[in-house]
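Participant: Would you be able to build a 3D model of this:
(one chain, ligands or ions: 2)
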Amino acid sequence: MLNLIKIRTEKGNIPPEITGIQTDSRKVEPGNIFVCMTGHTVDGHDFISQAIGNGATLIIAKKESGLIDLDHIGLVLVKDTVKVLARLLHHYWRYPTSSMTTIGVTGTNGKTTVSHLIHELMLLMGERSAVAGTLGFHLNDAHTPTANTTSDLTSNLNMASQAAEQECDAMIFEMSSHGLVQGRVWGIEFDIAVFTNLSYEHLEYHQTMEKYEQAKGLLFAQLGQDLRKEKYAVINADDPRFHTYSSVTPFEVISYGFSEHADFRASDMISTEEGMEFMLHTPQGSFTIRTQLIGTFNVYNIMAAMASLYAKGAEVKEMARVVPFAKRIRGRMEKVSSAPSSETYIDYAHTPDAIEKAMDSLLHLKKGRLIIVIGGGDFRDHTKRPMMAEKASKADYVIITTNNPGYEPVDKILSDFQEGMLHNRYRMIGDRKEAIHHALEYAGPDDLVLVTDKGHQTTQLVGGTKTPHSDKQIVMEYMKQKLPMK
Ligand SMILES: CC(=O)N[C@H]1[C@@H](OP(=O)(O)OP(=O)(O)OC[C@H]2O[C@@H](n3ccc(=O)[nH]c3=O)[C@H](O)[C@@H]2O)O[C@H](CO)[C@@H](O)[C@@H]1O[C@H](C)C(=O)N[C@@H](C)C(=O)N[C@H](CCC(=O)O)C(=O)O
Ligand SMILES: Nc1ncnc2c1ncn2[C@@H]1O[C@H](COP(=O)(O)OP(=O)(O)OP(=O)(O)O)[C@@H](O)[C@H]1O
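Facilitator: Ligands and ions are numbered 1, 2, ... in the order given. This is a model prediction of the structure:
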């Protein structure tokens, strides 16, 4: 295997066989290669002793560090451990992404929804599928949690290999900009690259919108240039980046949106008791689409999922038949209470654009007032807070709170949001549970309550301590106590 890489220095005893490849010393098992990665927080080179203690027999590093007893292990020095890791991992797992249709979904909002819609539609059409993203790793119906939206390369290859072993027809990767920039999917053979939209987010990491835009574009570059292969880019025709991303790839672009020229074009959207209905015009004809999902943004998400599967070879007619059975995604415009009390929705909106879109999707349903809970916390872009509050000002009443405040002073979080408020019909309550209770208390039976930011998540981080917290459970328990038993 080492013949795949350029070795600068080789020392000690190189083992004839290895049992796996690891970048985290805590996960190393006997016989593994430990590859040292220089991270944002710590340097993997500092954990070589721990890796050896756990049984690593070969260390791949950029530099020599510490005293290593080379009697029983080997040490290989290379120029770039990230690139070497990618090369070795794909070889070790026997290139699993080349045996199934591999789909990458990127964009500021909608990645989870589009990825899960593709997955669910495939299962509904009788195919085998896997998806890895914010909600974890779903292999057909089985589920394992993951740490990131886009996992590290070692985990991605491990998941892809499980999917390939289960003979999945496709694997879908939710692609965050961090994941793309850090090479967490290097070498993955994408067949279809999907773009949802781009708006203000993650500038604490990328610094400028231009760099953020470039980061997302890496997914289209990763389709490669090999025109012997059948590959597609699926791009939102209504987004201003349509032309930029279309020009990154030599492969055919399938567009979707409300624009006249889109290949998958929606029209005549109406809300129904069950969700929504719209007309979808496609290269295979026009179809009525009925869905349990709500909000115009979900029309986009459904079109992105259907266009991706059309690229993969599915019949639009068959997809139109199964879309009504695709369930709402956990924590995304999830209705958790309804008449006789106020209707309450939980939504993972955590960007200015998502807040605006989530509110817009409810405005036509409201008979009384729209009450919104917004919040934020440490470890996320702080600069977006006033913009989120500005968008939330469209609601009749706004409750500003925290979400995973971490080590940041609560008053600072609240005042950042306050800066963006366009009216004074708001209240600031630091404790998230109390804030949700206040929203529900304030709401009358005709009012709509939208609780944003936490969505599906089930913990609250205060200081360095995580405690259980579910917005959905808080609403349901409150309703149970307040509503008279029948
Ligand atoms: C800032 C950032 O992106 N950090 C990511 C990065 O970690 P890092 O560079 O800090 O790694 P590190 O902790 O310094 O460790 C360096 C190396 O030492 C190793 N190590 C470390 C400790 C130890 O005891 N032993 C050991 O061997 C580590 O395994 C690693 O190989 O690489 C890790 C593996 O890929 C990620 O899990 C981690 O995500 C952290 C947890 C994170 O919060 N990231 C956020 C910003 C993120 O990536 N978000 C995106 C988008 C979310 C969205 O769209 O909303 C995501 O994809 O999740
Ligand atoms: N196509 C869309 N356009 C704008 N907003 C959207 C769209 N789809 C979803 N949203 C909003 O964004 C929120 C998050 O949706 P989703 O989880 O699908 O996005 P995401 O890109 O995966 O987010 P993250 O990367 O943070 O996990 C939703 O709860 C909704 O408010």
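
Participant: Contact distance from ligand 1 - what residues of the stretch 51-200 of the chain qualify?
Facilitator: Residues of the stretch 51-200 of the chain lying close to ligand 1 by Cβ under 6 Å from any ligand atom are 147-150, 152, 176, 178-179, 184. In this view, the C-beta of every residue, glycine as well, is placed from N, C-alpha and C.

Participant: Next step: these restricted to strands.
Facilitator: Judged by DSSP state E, these include no members of strands.

Participant: Where in the protein is the helix or strand with the lowest mean pLDDT?
Facilitator: Ranked by mean pLDDT, DSSP states H and E, the helix or strand of the chain with the weakest confidence is helix 203-206, at a mean of 74.

Participant: Around ligand 2, pick out the residues from the stretch 1-150 of the chain.
Facilitator: Counting by Cβ under 6 Å from any ligand atom, the stretch 1-150 of the chain sits next to ligand 2 at 109-113, 134, 149.

Participant: got those residues as a markdown table, with pLDDT columns?
Facilitator: Formatted as a markdown table, these follow (pLDDT from 0 to 100):
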| residue | pLDDT |
| --- | --- |
| 109 | 92 |
| 110 | 94 |
| 111 | 95 |
| 112 | 95 |
| 113 | 95 |
| 134 | 94 |
| 149 | 92 |
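
Participant: which of these lies closest to residue 75?
Facilitator: residue 149 (34.1 Å; Cβ to Cβ).

Participant: and that closest one, what does it touch?
Facilitator: 111-112, 133-134, 174, 176, 178-179 (Cβ atoms under 8 Å, 6 or more residues apart in numbering).

Participant: now swap in residue 454 and tell me
Facilitator: Residue 454 neighbours (Cβ under 8 Å, 6+ apart): 331, 346, 348, 375, 403, 432, 469, 471.

Participant: sec struct for the nearest residue to residue 128 once chain neighbours are set aside, please.
Facilitator: What sits nearest to residue 128 in space, not counting adjacent residues and going by Cβ to Cβ, 6 or more residues apart in numbering, is residue 168, at 4.5 Å. Secondary structure for residue 168, judged by DSSP: H, G, I helix; E, B strand; the rest coil, is coil.

Participant: if I look at residue 168, how far off is residue 120?
Facilitator: The spacing between residue 168 and residue 120, counted by Cβ to Cβ, to the nearest Å, is 14 Å.

Participant: Check residue 112 too.
Facilitator: Distance of residue 112 to residue 120, given as Cβ to Cβ: 12 Å.

Participant: okay, those two: which has more neighbours?
Facilitator: residue 112 (23 against 20; other Cβ atoms under 10 Å).

Participant: What strand or helix carries that one?
Facilitator: helix 111-124 (DSSP states H and E).

Participant: and residue 43, what is it in contact with?
Facilitator: Per Cβ under 8 Å, 6+ apart, neighbours of residue 43: residue 36.

Participant: ok, is stretch 445-463 in contact with ligand 1 or not?
Facilitator: No - using Cβ under 6 Å from any ligand atom, we find that stretch 445-463 stays clear of ligand 1, coming within 10.9 Å at best.

Participant: and what of stretch 352-371?
Facilitator: No - against ligand 1, stretch 352-371 shows no contacts by Cβ under 6 Å from any ligand atom, the least distance being 10.8 Å.

Participant: Just the buried residues of that stretch, please?
Facilitator: Buried residues in stretch 352-371, defined by neighbour count with 16 or more other Cβ atoms under 10 Å: 352-359, 361-362, 366, 369-371.

Participant: Mind checking which of these land in helices?
Facilitator: Among these, the members found in helices (DSSP state H) are 352-359, 361-362.

Participant: The longest helix along the chain relative to helix 352-363, how many degrees between them?
Facilitator: Criterion DSSP H: the longest helix present in the chain is helix 296-312. Counting by axes from the mean of the first three to the mean of the last three Cα atoms, to 10 degrees, helix 296-312 points 110 degrees away from the direction of helix 352-363.

Participant: so residue 72, which of the three states?
Facilitator: coil.

Participant: any idea how far ligand 2 is from it?
Facilitator: Distance from residue 72 to ligand 2, counting by Cβ to the nearest ligand atom, to the nearest Å: 44 Å.
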